[in-house]
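In: sequence and predicted structure are below.
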Amino acid sequence: MQVYRGMDVGTAKPTPAEQAEIPHHLIDLADPSEDFTVTRFQAAFAEALAGIEARGHRALLVGGTGLYLRAVVDDLSPPGQWPDVRSQLEAEAAADPDPASLHRRLRELDPVAAGRMEPTNRRRAMRALEVTIGSGRPFSSFGPGLDVHAGSGPATRFRMAGIWLPRPVVAARIEARVHAMVAGGLVEEVERLAARPEGLSRTARQALGYKELLDGLSLDDAVAETIRRTRAFSRRQRMWFRRDPRITWFGAADNPFAVLPSLLGDWGRCPSSP
């Protein structure tokens, strides 16, 4: 979500001072009224990486969203888009309050894809249905697949590392972060974006913290729901990345900076890796 200009507080975007100290890429690429795609991210990544390597430097990709990481690390070829199918599915979802309804339909058409996602993840189920219905072939049949299991996974020239923290620590950090964002102007940022004539795209509106405020909840309820959804997202991230055996994990009791000596020492032994 940091690709969107003006969505700064709620995405924890690097501050202007931080960006002046260390060059950052792949942020502020799109207007919030645009639907940003994986394909567009891949193109921006390739351009940025080529420029960094041409200057004799190495890139550090920090995230975030598992699909986008896999898209650039494994050079996935995402399927196309079918707006008419998408519109129909959105209308059906709006008429049915059951968050698992789209997943049940997907399970009938593409059980493999359905098995790779949470039943209540409407966004992923809708995308899988859009591709399955629009293309006439199962969503799970595109590309090498997104699931990586223990002992397998495509070879990659990238070194990948994950930082592990105990779940209670993560939960507390999420709650503190959401309250800090509200204190730092998140409500005002959302109001400013919502007041623009262009509005926010379907993709931008789903951002954690933004969606809850745009849904018209009271501030207390919006904060509580943002914390709940962020914790759920964190659990899904943990499950997604834990399946990838190519990631080397570094654990800390409470402070993620404690892993830096081990992390840098591990990377220092592999000077040829990006």
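Out: Arrived safely, thanks for sending.

In: use CA for all of it now, contacts and neighbours both
Out: Noted.

In: confirm that Pro245 sits in a helix.
Out: No. Pro245 is assigned coil when assessed by DSSP: H, G, I helix; E, B strand; the rest coil, not a helix.

In: could I get the full set of helices for the stretch 151-274 of the chain?
Out: 167-183, 186-194, 202-205, 210-214, 219-242, 260-268 (DSSP state H, counting those that start in this stretch).

In: mean pLDDT lowest for which of these?
Out: Sorting the helices of the stretch 151-274 of the chain by mean pLDDT places helix 260-268 lowest, at a mean of 84.

In: next, the buried residues of it.
Out: Under the neighbour-count criterion of 16 or more other C-alpha atoms under 10 Å, helix 260-268 has Leu263 buried.

In: identify the residue nearest the residue nearest the centre of the chain in space, chain neighbours excluded?
Out: Computing the C-alpha centroid of the chain and ranking residues by C-alpha atoms, centre = their mean puts Thr65 first, at 2.6 Å. Leaving out its chain neighbours, the residue that sits closest to Thr65 by C-alpha to C-alpha, 6 or more residues apart in numbering is Gln237, at 7.6 Å.

In: for Trp249, see how far away that neighbour is.
Out: 14 Å (C-alpha to C-alpha, to the nearest Å).

In: what's the answer for Ile52, then?
Out: Distance from Ile52 to Trp249, by C-alpha to C-alpha: 26 Å.

In: repeat that for Val3.
Out: In terms of C-alpha to C-alpha, Val3 sits 27 Å off from Trp249.

In: show me the beta-bridge partners of Tyr4.
Out: Ala30 (DSSP bridges).

In: now it: how far from Ala95?
Out: 29 Å.

In: repeat that for Met239.
Out: Taking C-alpha to C-alpha, one finds Met239 at 31 Å from Ala95.

In: ditto for Glu21
Out: 49 Å.

In: next: Thr203.
Out: 20 Å.

In: do the same with Thr248
Out: For Thr248, the distance to Ala95 - C-alpha to C-alpha - is 44 Å.

In: quick one, which of those two is more surrounded?
Out: Counting neighbours by other C-alpha atoms under 10 Å for Thr248 and for Ala95 shows that Thr248 has the greater number, 14 against 9.

In: once you drop chain neighbours, what's closest to that one?
Out: Nearest non-adjacent residue to Thr248 (C-alpha to C-alpha, 6+ apart): Ala161, at 4.7 Å.

In: can you get me a residue count around that neighbour?
Out: Count around Ala161 with other C-alpha under 10 Å applied: 16.

In: show me what counts as buried in stretch 187-196.
Out: Val187, Glu189, Val190, Leu193, Ala194.

In: from Met7, how far out is the nearest residue to the third one once chain neighbours are set aside?
Out: Closest residue in space to Val190, ignoring its immediate chain neighbours: Tyr210 at 6.3 Å, by C-alpha to C-alpha, 6+ apart. With distances taken as C-alpha to C-alpha, Tyr210 is found 9 Å from Met7.

In: as JSON lines, the helices of the stretch 151-274 of the chain with distance to Ile27 would be great.
Out: Below are the helices of the stretch 151-274 of the chain laid out as JSON lines (distance: least, C-alpha to C-alpha, whole Å):
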{"stretch": "helix 167-183", "distance to Ile27": "19"}
{"stretch": "helix 186-194", "distance to Ile27": "17"}
{"stretch": "helix 202-205", "distance to Ile27": "14"}
{"stretch": "helix 210-214", "distance to Ile27": "18"}
{"stretch": "helix 219-242", "distance to Ile27": "21"}
{"stretch": "helix 260-268", "distance to Ile27": "25"}
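
In: alpha carbons only: can I get the strand or helix carrying Thr39 in CSV?
Out: Thr39 belongs to helix 38-54 when assigned by DSSP states H and E. Extracted in CSV, the C-alpha atoms of helix 38-54 (Å, rounded to 0.1, in the frame of the first residue of the first chain):
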residue,chain,number,x,y,z
VAL,A,38,1.2,-7.1,-9.4
THR,A,39,2.3,-6.7,-13.0
ARG,A,40,2.9,-3.0,-12.5
PHE,A,41,4.9,-3.8,-9.3
GLN,A,42,7.0,-6.3,-11.2
ALA,A,43,7.9,-3.7,-13.8
ALA,A,44,8.8,-1.1,-11.3
PHE,A,45,10.9,-3.5,-9.3
ALA,A,46,12.8,-4.7,-12.4
GLU,A,47,13.6,-1.0,-13.3
ALA,A,48,14.7,-0.1,-9.7
LEU,A,49,16.8,-3.2,-9.3
ALA,A,50,18.6,-2.7,-12.6
GLY,A,51,19.4,0.9,-11.6
ILE,A,52,20.7,-0.1,-8.2
GLU,A,53,22.9,-2.9,-9.5
ALA,A,54,24.2,-0.6,-12.3
